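# Provided below for reference: sequence and predicted model.
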Amino acid sequence: MIDLNPSTNSPAQTELGTSIGKAPGSGKWFDRKARLRWSNKIFRMVCIASVSFVCLVLLCILILMLRTGVLTFADVSLSEFFFSTNWDPENEHYGALTFILGTLALTGLTMLMAIPISVIVAVFLAEMTPKWLRHILRPVLDLLVGIPSVVYGFLGLTILIPWLRDISGRDLADGLLAASIVLTIMVLPTISRISDDAISAVPNKYRDAAYALGTNRFQTVTRVVLPAAKGGIMYAVILGMTRAIGETMAVVMVIGNTAQLANSLFTPTAVLTSNIVMQISSVEFDSTWNHGLYMMGFILLAISILMIVIVRLLQKRGDRNV
């Protein structure tokens, strides 16, 4: 016979009714949800603060370089600074055209040699090497990226320069060719690794479709894979160019550091970075000479930022076309 009096229910029945009326641990669940909500807010604030700090540092550097560099034009005209090749601060002549043209020539010659070799290396790694060899070569390229630039410059000074002297028959082999070879070796791992990642990211269905149409490996790589990976390859090239433009120590050791236009690949010359590092320690801070060096530094920053903006625009355009 069933007892209908609630007061006489068993302890098990009472505990069951309590569990139905109130979920066990509900207070802890609400506390955990609140902690997660606050931790997400704190993490978001930390991320925003970090990004703001980086942007603030970049903005401060740009403002400092620009504000100090603009003081040059209180004593020097714009036309003289940007279109004159006469750099003679002791006699109040501040023509920076020699260094600007030298920087552009060095970067162009470096990219002319580095881009084809880097893309070939990337294609070899991504398309032709077996996995065991790929696992060996990729870490080697990563190690080459981390070698200090002064090591490359020292090797160029002690090995490359004497070799170029023997080949050219000149007493001096310092110049654009030596500097561009050293920079090519420096930027090649960077361009190759990023291009390798871009080529490896191309879906295999593109390759299968190309082979199904009767193309060979060369046609598949040149007409299908490389066009599909052009956004990543372009990004790698821009990063390589920015490193080549801003490189200092290696260039200083092999370019000759002479303020003159190079009429050959073996003529000693100078670029913006080499001129800054060779002269910045011997000038007064409030002098026109120092202001001119700051203006050269701002030109380097402007060129690097412009290249990064260009590659971002090219990537967005490529994404819209896909």
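Noted; the coordinates are in hand.
# Got phi/psi on residue 284?
For residue 284, the backbone dihedrals (degrees, to the nearest 10) come out as phi -80, psi 150.
# wait, residue 102
Residue 102 has phi and psi values of phi -60, psi -40 when expressed as degrees, to the nearest 10.
# go on, residue 88?
For residue 88, the backbone dihedrals are phi -140, psi 80 (criterion: degrees, to the nearest 10).
# neighbours around it, how many?
Residue 88: 10 surrounding residues under other CB atoms under 10 Å. Just so you know, the C-beta spots here come from the backbone N, C-alpha and C atoms, and that holds for glycine as well.
# And residue 238, by the same measure?
Residue 238 has 21 nearby residues by other CB under 10 Å.
# quick one: it and residue 310 touch, right?
Yes: between residue 238 and residue 310 there is a contact under CB atoms under 8 Å: 7.1 Å.
# helix or strand right after the strand or helix carrying residue 198?
Per DSSP states H and E, residue 198 falls inside helix 176-200. Where DSSP H and E defines the elements, the next helix or strand beyond helix 176-200 is helix 204-212.
# looking only at pLDDT, what's the mean for that following helix?
Averaged over helix 204-212, pLDDT sits at 90.
# Pull the residues that contact the very next helix or strand once past that helix.
Beyond helix 204-212 in the direction of the C-terminus, DSSP H and E gives the next helix or strand as helix 217-220. Helix 217-220 has contacts (CB atoms under 8 Å, 6 or more residues apart in numbering) with 127, 207, 210, 211.
# rewinding a little: give the other helices and strands that the helix holding residue 198 contacts.
When contacts are defined as 3 or more CB pairs under 8 Å, 6 or more residues apart in numbering; DSSP states H and E, helix 176-200 packs onto helix 97-123, helix 131-145, helix 149-155, helix 161-168, helix 230-246, helix 249-254.
# Let me know how buried the nearest residue to residue 144 once chain neighbours are set aside is, in neighbour terms.
Spatial nearest neighbour of residue 144, excluding adjacent residues (CB to CB, 6 or more residues apart in numbering): residue 189 at 4.0 Å. By other CB under 10 Å, 20 other residues sit near residue 189.
# I'd say residue 189 and residue 139 touch.
No: Residue 189 lies out of contact with residue 139 (CB under 8 Å); the separation is 10.9 Å.
# So which residue is smack in the middle of the protein?
For the chain, residue 239 is the residue whose C-alpha lies nearest the centre (CA atoms, centre = their mean; 3.6 Å).
# what sits against it?
Here residue 239 is in contact with 190, 191, 194 (CB under 8 Å, 6+ apart).
# Just the buried residues out of those, in ChimeraX syntax.
In ChimeraX, a selection of the buried entries from those looks like this (16 or more other CB atoms under 10 Å):
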select :190,191,194
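# Hey, what's the angle from the helix holding residue 198 to helix 97-123? Just curious.
Calculated by axes from the mean of the first three to the mean of the last three CA atoms, to 10 degrees, helix 176-200 forms an angle of 40 degrees with helix 97-123.
# in helix 176-200, what's buried?
Buried, per 16+ other CB under 10 Å, within helix 176-200: 176-199.
# Just list the residues touching residue 61, thanks.
By CB under 8 Å, 6+ apart, residue 61 lies in contact with residue 301.
# Quick check: the gap between it and residue 271.
As judged by CB to CB, to the nearest Å, residue 61 and residue 271 stand 20 Å apart.
# Check residue 163 too.
Here residue 163 is placed at a distance of 22 Å from residue 271 (CB to CB).
# what's the answer for residue 290, then?
Residue 290 sits 19 Å away from residue 271, going by CB to CB.
# higher neighbour count, those two?
residue 271 (28 against 20).
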